[in-house]
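In: Based on what follows, work out the 3D shape:
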Amino acid sequence: MNAQDLKNSILQLAVQGRLVEQREEEGTAEKLYQQIKEEKSKLVREGKVKKSKNLPEITEDEISFDIPASWKWVRLGEVGETNIGLTYKPSSISNNGTIVLRSSNIYNGELVYDDIVKVEMSIPENKMCKSGDILICARNGSKRLVGKAAIIDKEGMSFGAFMAIYRSICNEYVLHVINSTYFRNALLPETGTTTINQITQDRLRNFVLPLPPLKEQKRIVAKIEELIPYVEKYDKAYSKVEELNKKFPEDMQKSILQYAIQGKLVEQLDEEGTAEELFQQIQEEKAKLIKEGKIKKTKALPVITEDEIPYDIPENWKWVRLGEIVSILGDGIHGTPVYDDKGDYYFINGNNLNDGKIEFKDNTKRVNEDQFIKHKRELNESTVLVSINGTIGNVAFYGGEKVVLGKSACYFNLIIEDFKYYLYWVIKTKYFLDYAFKKATGTTIKNVSLAAMKEVAIPLPPLEEQKRIVEKLEELLPYAKQLIK
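Out: This is a model prediction of the structure:
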């Protein structure tokens with residue numbers, strides 16, 4: 001339940017007579033109703049108000065809920081007066097003159113005077129507000145704004161044609177009724193035309209009001225005013241909890257990944273050897289491939305310094321540079337191939353890489369075999385693709401797809417193919433993404449250089465431990481993803 005739901009519940013309890021207790025000494029709504037009728041008759045006899053048309057009797061179908069025995073169902077027009085506002089010409093608007101209240105002058109149940117219009121013209125008395133009147137937005141292009149209301153706190157103002165006022169001795173209570181879902185559900189579902197939503201005078205007068213005795217009304221208003229500050233506190237707390245709830249699954253996923261690359265997700269087992277041994281195997285295999293002419297010898301990368309190590313790892317792990325464990329690292333073409341709608345190959349970029357897979361979209365361009373041969377890259381089952389331009393950090397494994405790479409996709413072939421599954425998750429971590437964005441150049445479109453990719457420090461576990469880490473991640477992360485959804 002959010003704060004608005006809580007407020008709606010409080011107002012619903014109020015209009016049903018369930019927010020405060022009933023007291024015999026406070027009389028009945030019937031007695032109040034008769035007093036109001038007598039006062040109205042007196043004002044009619046004195047010529048101070050016009051006699052209004054009798055309103056129809058309330059039927060059983062119009063009664064939405066039970067009310068206390070001391071209450072009475074009445075029509076709003078029986079216990080007060082309503083009126084629509086002033087129509088004026090643009091030529092009447094002036095820096096001086098009479099303030100005309102409009103919808104924009106009601107904000108959060110109160111009157112505001114930041115945006116006022118004044119007119120210089122003769123205004124009939126029935127178009128002038130009195131302090132204590134309820135100002136209601138009766139018509140508006142937005143249905144959401146229709147029905148918003150506030151108590152007028154000054155004399156000498158008028159109100160616009162899209163507004164209505166309600167005047168009675170029950171206004172403080174009636175305002176809360178107007179703010180209730182009962183009022184909105186009763187009047188707004190059937191209001192409005194194709195272009196404008198409205199509460200007509202007739203419907204406002206005929207609205208069925210649950211009327212309590214006057215003293216009980218005052219206690220209801222006091223109780224609502226006592227509770228609203230708690231609702232506001234609840235709103236702040238609820239918003240904070242909602243924010244935490246939204247962040248928690250994502251934070252949990254980040255934490256799990258961080259634990260994984262720090263060697264804290266699974267235990268270390270002596271029988272699985274060390275990352276140093278694995279690293280030496282990689283270097284031996286790399287030297288062999290160079291000797292056989294299958295790959296080119298690359299320039300030695302700088303030794304990893306203490307400043308580059310962001311956290312501690314287990315003793316049997318090792319910090320290595322990405323370029324030290326791959327046979328090749330490059331990117332796609334730095335230009336545009338010749339497209340061919342009937343071609344068998346797809347021209348892909350970083351935005352085609354997602355969750356370990358290469359995705360072909362409706363707008364992915366095609367090229368023919370000649371273009372593929374011209375722009376071919378050495379991709380195989382050990383290839384990992386990473387987006388390094390624009391969107392950074394999308395990852396995919398190459399699975400034999402017929403593709404030509406664009407420059408926003410970096411590719412590298414690992415010396416040991418099985419290493420790619422652990423490396424996939426390293427690239428997904430905050431650690432890697434922070435590094436990539438720190439190294440990225442460009443203002444509008446960020447780009448990570450191939451040199452930066454080669455030099456990123458990777459926390460390397462023994463191969464068997466890598467497999468157990470991946471298994472544990474695949475077990476835990478679906479729970480975090482379910483929470484995100």
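In: residue ranges with poor pLDDT in the chain?
Out: Where the chain drops to pLDDT under 70, the residues are 189-196, 244-245, 247-248, 480-485.
In: biggest helix in it by residues?
Out: helix 214-261 (DSSP state H).
In: by contact count, what packs against that one?
Out: When contacts are defined as 3 or more C-beta pairs under 8 Å, 6 or more residues apart in numbering; DSSP states H and E, helix 214-261 sits against helix 3-15, helix 171-178, helix 419-428, helix 430-439, helix 463-484. Backbone N, C-alpha and C define where each C-beta goes, glycine included.
In: Which one of those helices lies nearest to Leu86?
Out: helix 171-178 (20.5 Å; C-beta to C-beta).
In: With mean neighbour count and distance to Trp317 added, can I get the helices and strands packed on helix 214-261 in TSV?
Out: Compiled in TSV, those are given as follows (neighbours: other C-beta atoms under 10 Å; distance: least, C-beta to C-beta, whole Å):
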stretch	mean neighbour count	distance to Trp317
helix 3-15	17	49
helix 171-178	22	65
helix 419-428	21	11
helix 430-439	16	14
helix 463-484	16	8
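In: So for Pro213, which of these sits nearest?
Out: The nearest among those, by C-beta to C-beta, is helix 171-178 at 10.4 Å.
In: Which residue, other than its chain neighbours, is closest to Leu101?
Out: Leaving aside its sequence neighbours, Leu101 sits nearest to Phe159 (C-beta to C-beta, 6 or more residues apart in numbering; 4.5 Å).
In: Mind checking what helix or strand follows the helix or strand harbouring the one you found in sequence?
Out: Assigned by DSSP states H and E, Phe159 falls within strand 158-159. Per DSSP H and E, the first helix or strand lying C-terminal to strand 158-159 is strand 163-167.
In: Parallel or antiparallel, which strands does that following strand pair with?
Out: Strand 163-167 has its sheet partners listed here by DSSP bridges as strand 81-84 (antiparallel), strand 134-137 (antiparallel).
In: chain center to whichever helix or strand comes after the last one, what's the gap?
Out: In other words, strand 134-137. Tracing the chain C-terminally past strand 134-137 and defining elements by DSSP H and E, one meets strand 139-140 next. Relative to the chain's own centre, strand 139-140 is displaced by 27 Å; criterion: C-alpha atoms, centre = their mean, to the nearest Å.
In: what's strand 139-140 packed up against?
Out: Short answer (3+ C-beta pairs under 8 Å, 6+ apart): strand 139-140 packs on strand 197-198.
In: Just list what the strand it packs on packs against, helices and strands only.
Out: Partner elements for strand 197-198 (3+ C-beta pairs under 8 Å, 6+ apart): strand 139-140.
In: what's the most buried one of the strands paired with strand 163-167?
Out: strand 134-137 (a mean of 24; mean count of other C-beta atoms under 10 Å).
In: quick revisit: after the longest helix of the chain, which helix or strand is next?
Out: Downstream of helix 214-261, the first helix or strand assigned by DSSP H and E is helix 275-291.
In: all strands of the stretch 251-400 of the chain, in order?
Out: Remark: strands assigned in the stretch 251-400 of the chain by DSSP state E, counting those that start in this stretch are 318-321, 326-331, 345-348, 353-354, 357-358, 366-367, 383-389, 391-397.
In: what residues go with each domain of the chain?
Out: 3-233, 262-472 (automatic domain parsing).
In: Dump those domains to CSV, plus distance to Met252.
Out: Shown next, in CSV, are these (distance: least, C-beta to C-beta, whole Å):
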stretch, distance to Met252
domain 3-233, 26
domain 262-472, 13
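In: mind checking how far the closest residue to Asn351 other than its chain neighbours is from Ala440?
Out: With C-beta to C-beta, 6+ apart as the criterion, Asn351 has its nearest non-adjacent residue at 6.0 Å, and that residue is Thr391. In this view, Thr391 and Ala440 are 11 Å apart by C-beta to C-beta, to the nearest Å.
In: Same check on Ile199?
Out: 56 Å.
In: The two - which one has more neighbours?
Out: Shown here are Ile199 and Ala440; by other C-beta atoms under 10 Å, Ile199 has more neighbours (25 against 16).
In: I'd guessed the more buried one sits against Arg184; true?
Out: No: under the criterion of C-beta atoms under 8 Å, Ile199 is not in contact with Arg184, lying 9.9 Å apart.
In: re the thing from before, for Lys446, find the nearest of the strands of the stretch 251-400 of the chain.
Out: strand 391-397 (6.1 Å).
In: Please work out how many residues are found near Glu226.
Out: 9.
In: again, but for the one 3 residues further on
Out: Using other C-beta under 10 Å, Pro229 is surrounded by 9 other residues.
In: for the protein, longest strand please?
Out: strand 93-101 (DSSP state E).
In: And the strands in the stretch 1-150 of the chain?
Out: For the stretch 1-150 of the chain, applying DSSP E, counting those that start in this stretch gives strands covering 72-75, 81-84, 93-101, 106-107, 110-111, 117-119, 134-137, 139-140, 149-151.
In: re the thing from before, Glu276: which of the strands of the stretch 251-400 of the chain is closest?
Out: Nearest to Glu276, of all these, is strand 318-321, at 5.4 Å by C-beta to C-beta.
In: From the contact counts, what lies against that closest one?
Out: helix 275-291, strand 457-460.
In: Stretch 12-31 spans what distance, first to last residue?
Out: When the termini of stretch 12-31 are compared using C-alpha to C-alpha, to the nearest Å, they are 24 Å apart.
In: what does that stretch contact?
Out: 10, 65-72, 74, 176-177, 180-182, 210-216, 219-220, 223-224 (C-beta atoms under 8 Å, 6 or more residues apart in numbering).
In: ok, and for stretch 54-62, which residues are buried?
Out: Ile58 (16 or more other C-beta atoms under 10 Å).
In: who touches the strand holding Phe159?
Out: Contacts of strand 158-159 (C-beta under 8 Å, 6+ apart): 85-86, 98-102, 119, 123, 127-129, 135, 165.
In: follow-up on the earlier one: can you tell me which of the strands of the stretch 1-150 of the chain is nearest to Thr305?
Out: strand 106-107 (58.5 Å).
In: Can you tell me the strand partners of that closest one and which way each runs?
Out: strand 110-111 (antiparallel).
In: Please state the offset of the partner strand from the chain centre?
Out: On C-alpha atoms, centre = their mean, the centre of strand 110-111 falls 28 Å from that of its chain.
In: and what of stretch 459-479?
Out: In terms of C-alpha atoms, centre = their mean, the gap separating the centre of stretch 459-479 from the centre of its chain is 33 Å.
In: any residues touching that stretch, and which ones?
Out: Here stretch 459-479 makes contact (C-beta under 8 Å, 6+ apart) with 253, 256-257, 260-263, 265-266, 268-269, 272-275, 277-279, 313-314, 316-320, 325, 416, 418-419, 421-422, 425-426.
In: Can I get that stretch as CSV, trimmed to CA atoms?
Out: Only the C-alpha atoms of stretch 459-479 are listed here, as CSV (Å, rounded to 0.1, in the frame of the first residue of the first chain):
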residue,chain,number,x,y,z
PRO,A,459,41.7,-12.1,-11.6
LEU,A,460,42.6,-15.6,-12.8
PRO,A,461,41.5,-18.7,-10.8
PRO,A,462,42.6,-22.3,-11.6
LEU,A,463,40.5,-23.7,-14.5
GLU,A,464,38.5,-26.2,-12.4
GLU,A,465,37.6,-23.4,-9.9
GLN,A,466,36.5,-21.3,-12.8
LYS,A,467,34.0,-24.0,-13.7
ARG,A,468,32.7,-24.2,-10.2
ILE,A,469,32.3,-20.4,-10.0
VAL,A,470,30.3,-20.4,-13.3
GLU,A,471,28.1,-23.2,-12.0
LYS,A,472,27.4,-21.2,-8.8
LEU,A,473,26.7,-18.0,-10.7
GLU,A,474,24.2,-19.8,-13.0
GLU,A,475,22.6,-21.2,-9.9
LEU,A,476,22.3,-17.9,-8.0
LEU,A,477,21.8,-15.2,-10.6
PRO,A,478,18.4,-16.3,-11.9
TYR,A,479,17.0,-15.5,-8.4
